[in-house]
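Chemist: Output the structure for:
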Amino acid sequence: MVLHKFGDKLYNGVAGALRSHLAGVAARIEAAQGLPFLKELKSCWDDHNKSTQMIRDILMYMDRTYVTQQHKAPVFQLGLDLWREQVVRQPQIHQRLLAILGDMVSRERAGEIVDRALLRATTQMLMDLGKPTYEEDFERHFLATAADFYAKEAQEVIASSNAPEYMLKAERRLAEEVERVKNYLDESTEPKITHVAEHELITVQMKALVEMEGSGLVPLLMDDKYEDLGRMYSLFKRVDDGLALLRSVMGSHIKEEGRALVNDPEKTKDPVEYVSVLLGMRDKYEASISRAFADDKSFRNTLNQSFEAFINQQQRSPEFISLFIDDRLRKGLKGASEGEVEATLDKVMALFRYLQEKDVFEKYYKQHLAKRLLSGRTVSDDAERNMLVKLKTECGYQFTSKLESMFTDIKTSRDTMGDFKARLAEQGEELPLDLSVQVLTTGSWPTQAASKCVLPAQLEGACETFRQFYLGAHSGRRLSWQTNMGTADLKANFNNGKAKHEITVSTYQMVVLLLFNDAEQLSYREIAEATEIPAQELKRSLQSLACAKGKNVLRKEPMSKEVEESDSFTFNDAFTSKLYKIKIGTVSAQKEGEVEKQETRHKVEEDRKPQIEAAIVRIMKARKRLDHNAVVSEVTRQLASRFLPNPAVIKKRIESLIEREFLERDPNDRKVYVYLA
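Modeler: Next comes the predicted model:
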């Protein structure tokens with residue numbers, strides 16, 4: 001027929017025959033109800049498929065010539081198109097097909113067992129008819145009903161469950177949908193149904209989940225529920241802004257908890273305990289991030305930003321962190337392994353990084369290091385050096401140069417004392433006491449102006465002998481005795497000589513105690529006159545000698561905790577102690593009083609001035625011309641690793657530099673500065 005130019009008649013005849021046949025097939029399928037409906041549909045589809053293939057094979061010549069020339073649908077495709085139009089999209093069949101498929105999916109979601117093979121065959125039929133048919137005639141409806149189902153279920157579950165229970169159910173539902181796609185849907189449906197389920201189960205409910213009372217993010221963090229936190233993280237990671245919400249809530253909670261700590265007067269009474277709590281708090285959230293949040297860097301950044309926000313609200317944090325390190329390096333790390341020491345120092349360095357006023361920390365650290373080095377009370381030189389290396393790595397050579405010279409002085413002093421003793425032995429001289437001198441370089445140590453103190457004659461003579469030796473070996477140098485920084489070991493007899501003890505005291509305490517070799521009772525004024533020790537230091541020394549329980553080698557009249565100028569003191573011959581060696585006045589480094597705090601703050605502010613000026617000059621020398629805001633911004637950026645300079649102070653330093661003719665104002669614009677070479 002095709003050869004005789006009757007291709008058109010043949011093609012249309014085939015189409016007509018198929019239409020007529022499919023009308024009967026549609027009526028037969030429509031007559032079936034429930035599950036038999038799908039079975040009848042599958043059976044008829046299989047027959048139609050096979051028949052169409054046979055017709056295609058018979059009419060292969062028409063397909064190759066007439067169909068190609070006339071741009072008609074090939075015979076097999078014609079069969080598919082007619083099945084779609086007359087069967088699948090027949091209104092009653094289409095409606096019932098969607099209803100039955102939807103019902104089977106719903107029953108499977110409810111836990112019932114359904115005929116997955118039949119479902120697979122039905123969806124495969126729709127795919128064979130073309131992906132648009134699958135999407136328009138099934139998938140769109142499937143996704144819409146899934147959205148309704150999960151929206152309703154999410155509301156019901158969240159109202160009756162806690163957050164962990166809800167997340168378990170959501171996780172299970174998401175896995176079920178993936179499994180459903182594998183079993184009887186096309187793989188292209190997976191991202192779509194997953195997105196629908198994620199939106200209804202997570203996106204819509206995530207705020208309620210995170211803030212759920214008793215089981216939301218904060219309670220889970222507080223109770224270290226790593227498994228639940230990990231589930232929350234993995235679920236929220238699937239949706240837009242999910243992790244951002246977690247970070248926001250976690251950051252707010254950490255800041256709130258941190259502010260409560262730094263603003264609590266009770267918690268800040270003990271600096272060591274305060275820093276221990278901070279470290280414990282940081283360890284807690286670090287563990288949550290590493291164990292539950294997949295070691296996510298963005299969460300670690302949130303943790304760091306939160307700590308930095310609240311730790312700098314406590315102005316004394318630099319001092320407290322230095323005191324904590326002091327405590328650990330003096331006694332807290334005794335017996336610890338090298339790894340434990342390293343771990344502790346690393347944790348403290350993490351807190352140090354949060355400090356904006358690192359120069360304040362440096363001031364205190366220098367004071368505390370000086371006390372440790374001079375008293376010889378350090379866990380190990382290795383630990384001290386290790387800490388110094390960490391500070392140097394963090395802040396650069398300039399930060400630690402003076403600290404390193406302190407170590408050098410201690411080593412040099414040991415060598416000097418060796419030479420001094422060798423010289424004495426050569427000359428056959430013998431000092432009346434065992435003298436040990438530490439020679440400190442001015443500027444490297446936190447020394448104060450030499451305070452007056454009348455030393456006992458024996459000690460004065462020994463000091464003079466050393467002075468002559470030292471100045472003879474080092475011409476052009478000057479020695480100034482820092483009696484406020486020294487210590488002494490005294491042998492004392494109590495109970496009429498029956499009880500003997502060795503007492504370690506400060507130089508000031510030694511001077512006071514030796515007065516009682518020649519006097520039974522002395523008034524405060526008499527002691528002050530005889531020793532010339534500054535009043536504040538004298539009161540502290542007497543307080544530790546007469547008022548410290550178990551170490552009161554002196555008696556005070558009247559008895560009270562404070563030392564007054566009207567008090568009188570006697571040697572406590574009845575003093576007893578189970579220990580032979582007793583240390584007095586070597587109390588753990590205490591946080592500064594208000595006066596000392598103001599002094600330290602003033603020193604820090606003074607030290608900052610030349611640093612700010614140097615930064616301004618460096619910037620202006622490189623840029624030649626800059627407006628005020630640009631100078632402030634650049635100075636702040638350059639000095640941020642040590643401290644955050646106050647813009648008002650920067651302005652004052654600029655004014656000072658203008659007065660000293662390092663800079664000048666632009667005559668046309670007062671806000672612009674010009675560098676003067």
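Chemist: From here on, just use CA atoms for contacts and neighbour counts.
Modeler: Fine.
Chemist: pLDDT below threshold where in the stretch 351-500 of the chain?
Modeler: Applying pLDDT under 70 to the stretch 351-500 of the chain flags the ranges 447-451.
Chemist: what about the strands in it?
Modeler: Here the stretch 351-500 of the chain has its strands, by DSSP state E, counting those that start in this stretch, at 487-494, 499-506.
Chemist: which helices and strands sit right next to the first one?
Modeler: Packing partners of strand 487-494 (3 or more CA pairs under 8 Å, 6 or more residues apart in numbering; DSSP states H and E): strand 499-506, helix 507-515.
Chemist: Nearest to Thr636, out of those?
Modeler: strand 499-506 (42.9 Å; CA to CA).
Chemist: So which elements touch the closest one?
Modeler: By 3+ CA pairs under 8 Å, 6+ apart, strand 499-506 packs against strand 487-494, strand 581-583.
Chemist: Turn these into a markdown table, including mean neighbour count.
Modeler: Below are those laid out as a markdown table (neighbours: other CA atoms under 10 Å):
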| stretch | mean neighbour count |
| --- | --- |
| strand 487-494 | 15 |
| strand 581-583 | 16 |
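Chemist: Can you add distance to Asp148 and give those strands back as a markdown table?
Modeler: Below are these laid out as a markdown table (distance: least, CA to CA, whole Å):
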| stretch | distance to Asp148 |
| --- | --- |
| strand 487-494 | 81 |
| strand 581-583 | 78 |
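Chemist: how about these, which one is nearest Trp83?
Modeler: Per CA to CA, nearest to Trp83 of these: strand 581-583, 102.2 Å.
Chemist: in its sheet, what does that closest one sit against?
Modeler: With DSSP bridges as the test, strand 581-583 is paired with strand 499-506 (parallel).
Chemist: Pull out the buried positions in the strand it pairs with.
Modeler: Lys500, His501, Ile503, Thr504, Val505, Ser506 (16 or more other CA atoms under 10 Å).
Chemist: Stretch 401-415 too?
Modeler: Lys402, Leu403, Glu404, Ser405, Met406, Phe407, Asp409, Ile410, Ser413.
Chemist: Inside helices: which ones of these?
Modeler: Of these, the ones assigned to helices by DSSP state H are Lys402, Leu403, Glu404, Ser405, Met406, Phe407, Asp409, Ile410, Ser413.
Chemist: Can you tell me which of the residues you listed is nearest Leu455?
Modeler: When those are compared for distance to Leu455 (CA to CA), Ser413 wins out at 21.7 Å.
Chemist: got the CA positions of stretch 416-431 in CSV?
Modeler: In CSV, the C-alpha atoms belonging to stretch 416-431 read as follows (Å, rounded to 0.1, in the frame of the first residue of the first chain):
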residue,chain,number,x,y,z
THR,A,416,77.8,35.0,88.5
MET,A,417,77.1,33.4,91.9
GLY,A,418,79.4,30.5,91.0
ASP,A,419,82.2,33.0,90.2
PHE,A,420,81.5,35.0,93.4
LYS,A,421,81.8,31.9,95.6
ALA,A,422,84.9,30.8,93.7
ARG,A,423,86.5,34.3,94.4
LEU,A,424,85.6,34.1,98.1
ALA,A,425,87.2,30.6,98.3
GLU,A,426,90.4,31.9,96.5
GLN,A,427,90.7,34.8,99.0
GLY,A,428,89.9,32.6,101.9
GLU,A,429,86.9,34.8,102.8
GLU,A,430,83.7,33.4,104.4
LEU,A,431,80.4,35.2,104.6
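Chemist: tell me which residues in it are buried?
Modeler: Thr416, Met417, Phe420, Lys421.
Chemist: Kindly report the same for stretch 653-670.
Modeler: For stretch 653-670, a neighbour-count test (16+ other CA under 10 Å) marks Arg653, Ile654, Glu655, Leu657, Ile658, Phe662, Leu663, Glu664, Arg665 as buried.
Chemist: which residues make contact with that stretch from outside it?
Modeler: The contact list for stretch 653-670 (CA atoms under 8 Å, 6 or more residues apart in numbering) reads Lys609, Ile612, Glu613, Ile616, Val617, Lys671, Val672, Tyr673, Val674, Tyr675, Leu676, Ala677.
Chemist: repeat that for 10 Å
Modeler: For stretch 653-670, the surrounding residues in contact (CA atoms under 10 Å, 6 or more residues apart in numbering) are 609-614, 616-617, 620-621, 624-628, 631-632, 647-652, 671-677.
Chemist: from the chain's centre, how far out does it sit?
Modeler: In terms of CA atoms, centre = their mean, to the nearest Å, the centre of stretch 653-670 is found 42 Å from the chain centre.
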